[in-house]
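Student: For reference, the sequence and a predicted model appear below.
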Amino acid sequence: MSATSAPKTVAVVGCTHAGTFAAQAILTAHPSWTVHVFERNDTLSFLSCGIALWVGGHVSDPNRMFYSSPAALAELGANMHMRTDVLSVDVAGKSLVARDLESGEETTYSFDKLVVTTGSKPVMPPIPGLAEGLEDGRVMLCKNWDHGKAIKDHAMKASSVAVIGAGYIGAELVEQFSEAGVHAILIDGLDRALAKNFDAPITEQVEAEYAKHGVELALGQMVTEFRLNEDGNGVAVVTTAGEYEVDYAIMGAGFLPRTDLFAGQLETLPNGAIKTDEYMRAFLAGHDEARADVLAAGDSCTVLYNPTGTYDYIPLATNAVRQALLVGANIEEPVQKYLGTQATSAVQLYNLSLAASGLTQAGAEARGVNARSTTLVQDYRPDFMLTTTPVTATLTWDPETRRVLGAQFLCRHDVAEAANAISIAIQARFTIDQLANVDLFFQPNFCQPVNFIGAVAMQAVAEQNASDAE
């Protein structure tokens, strides 16, 4: 902060990952500023991506899944308003109304700067019986601390559970249920598990592993109704292809931005994600110029998706943290640009290590992006070692520019860090030719003389060259 600038009052609305890191960054850079943090829950910073591990007994202490606390932010100087629901925000008028959920008292607050970190909410399709199932407790969500406790205390002790949604949440939950002896049914409208994260050469292996562990796959089916059993001991999940009687059902069908407070006030994507510029500044509705006094981060806003060069909605904790730190850097002046994201992610299912960065072939087709892909299967290290195991590597690229657009990896050995290498390559706008010639080490404990990353890139170059010669 410059010597002549006056202290500001900042309102941070919502405090999970983005709100926590934004408040920390702002107060660290501007300790004399007044920062109000509003959160309707009594906790903050919960690592919800660890819920499946927690309910499956792989977490030493669930309380350690919180990396900050209201007290920690208060010690930094934040004015914490926990268990407080923001009822309305006047963005242009720079004020908001909030209700204390304990006392019911409503208070109006003024601010100089607004930080929108309201996060996301579970997708709630208009399915008959869903609301009744949620109220009864036979249908559950998987988003926050209370959801995690309910799943662990009830669903993990049941005999059968249906999980709706075969993304990362659903994929991890059914793994943990099957490992615990609970009959798990995985339901999704798409015809492959993890279809939005990986292409068929990898998802086929995941589905085979599910079958080995007794998971029932109900793919290519849409849920049409939830019907509570008359005896109160279960729920029927009705789909377009059948009916499944289970003790509990868990909704894991994805997330939408929680931005209803700002509807009609800020520019958004059709799904409600707040549009931001490269400095995380939002746009007032109907305006082309970003506002220096309104910033957004995390699941409530868009991300610059580098494989396509367009703004997209990709709710990931990694995106939220990096964006929030930029809110702190740019809260007074625009000084640090957002570098964008490759949506790099990974998951462990049974003894399969899966990781990906950037576009899959299916993801490219869904976005209208011209792309090619190739798949290589080779042992991750030399066969003269006493043990080795195959790695499946799929690389996606633009056939016109030859630019790397994405990659996916699967192996029974941990190869997840390969996705980070591809993330760097995408952000640096590497071509497949450059990736094929990049310096990657060889050591028999770890890899082949030609690392599988380089090997799949070489295969892509050969295939593209052959195609160009036709």
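Tutor: Cool, the structure landed. Numbering: from 1, shown residues only.
Student: And the contacts of stretch 143-153?
Tutor: 41, 43, 46, 48, 51, 54-55, 62, 121-122, 137, 140-142, 173, 250, 255 (Cβ atoms under 8 Å, 6 or more residues apart in numbering). Just so you know, the C-beta spots here come from the backbone N, C-alpha and C atoms, and that holds for glycine as well.
Student: Out of the residues you listed, which end up buried?
Tutor: 41, 43, 46, 48, 51, 54-55, 62, 121-122, 140-142, 173, 250, 255 (16 or more other Cβ atoms under 10 Å).
Student: secondary structure element for Val206?
Tutor: With secondary structure defined by DSSP states H and E, Val206 is part of helix 200-212.
Student: if you average pLDDT over that helix, what comes out?
Tutor: Averaged across helix 200-212, the pLDDT comes to 97.
Student: who does the helix or strand just after it touch, helix- and strand-wise?
Tutor: As assigned by DSSP H and E, the chain's next helix or strand after helix 200-212 is strand 216-219. Packing partners of strand 216-219 (3 or more Cβ pairs under 8 Å, 6 or more residues apart in numbering; DSSP states H and E): strand 183-188, helix 200-212.
Student: of those, which approaches Val97 most closely?
Tutor: strand 183-188 (40.1 Å; Cβ to Cβ).
Student: Now that closest one - C-alpha only, CSV.
Tutor: What follows is strand 183-188, C-alpha atoms only, in CSV (Å, rounded to 0.1, in the frame of the first residue of the first chain):
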residue,chain,number,x,y,z
HIS,A,183,-22.8,-52.7,-2.1
ALA,A,184,-22.4,-49.6,-4.2
ILE,A,185,-24.2,-48.6,-7.3
LEU,A,186,-22.7,-45.8,-9.5
ILE,A,187,-25.3,-44.0,-11.6
ASP,A,188,-24.6,-41.5,-14.4
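Student: I figured Ala211 was touching Ala193, is that so?
Tutor: No: shown here, Ala211 and Ala193 do not form a contact pair, counting by Cβ atoms under 8 Å, at 10.8 Å.
Student: Give me the buried stretch members for stretch 58-72, please.
Tutor: Buried residues in stretch 58-72 (16+ other Cβ under 10 Å): 59, 62, 65, 68, 70, 72.
Student: Among those residues, which pair sits farthest apart?
Tutor: Every pair of the buried residues of stretch 58-72 checked by Cβ to Cβ; the farthest is Val59 and Pro70, at 21.8 Å.
Student: still on that earlier bit, and the helix holding Val206 with strand 183-188, angle?
Tutor: Here the directions of helix 200-212 and strand 183-188 differ by 150 degrees (axes from the mean of the first three to the mean of the last three Cα atoms, to 10 degrees).
Student: and helix 200-212, what does it pack onto?
Tutor: helix 168-179, strand 216-219, strand 352-358, strand 390-397, strand 404-411.
Student: element containing Pro315, please.
Tutor: Short version, using DSSP H and E: Pro315 is in no helix or strand.
Student: And for Ala11?
Tutor: Residue-wise, Ala11 maps onto strand 9-13 under DSSP H and E.
Student: List the buried residues in that strand.
Tutor: In strand 9-13, counting by 16+ other Cβ under 10 Å, buried: 10-13.
Student: can I get those in JSON lines with pLDDT?
Tutor: Shown next, in JSON lines, are the buried residues of strand 9-13 (pLDDT from 0 to 100):
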{"residue": "Val10", "pLDDT": "98"}
{"residue": "Ala11", "pLDDT": "98"}
{"residue": "Val12", "pLDDT": "98"}
{"residue": "Val13", "pLDDT": "98"}
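Student: Start from the N-terminal end of the stretch 101-250 of the chain and give the helices.
Tutor: 130-136, 145-153, 168-179, 200-212 (DSSP state H, counting those that start in this stretch).
Student: and the first one, what does it pack onto?
Tutor: Okay, so that is helix 130-136. strand 139-141, strand 223-228.
Student: For that helix, list every residue counted as buried.
Tutor: For helix 130-136, by 16+ other Cβ under 10 Å, it's 130, 133-134.
Student: same deal with the last one?
Tutor: Buried residues in helix 200-212, counting neighbours by 16+ other Cβ under 10 Å, are found at 200-203, 205-207, 209-210.
Student: Over to the second one?
Tutor: Within helix 145-153, the residues that qualify as buried by neighbour count (16+ other Cβ under 10 Å) are 145, 147-148, 150-152.
Student: that older thread, output the buried residues of strand 9-13 as TSV; include the columns distance to Pro382.
Tutor: Formatted as TSV, those follow (distance: Cβ to Cβ, whole Å):
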residue	distance to Pro382
Val10	56
Ala11	58
Val12	53
Val13	55
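Student: re earlier: to Val347, which of the helices and strands packed on strand 216-219 lies closest?
Tutor: Across those, closest to Val347 is helix 200-212 (Cβ to Cβ), at 9.3 Å.
Student: about what we covered before: highest average neighbour count across the helices and strands packed on helix 130-136?
Tutor: strand 139-141 (a mean of 21; mean count of other Cβ atoms under 10 Å).
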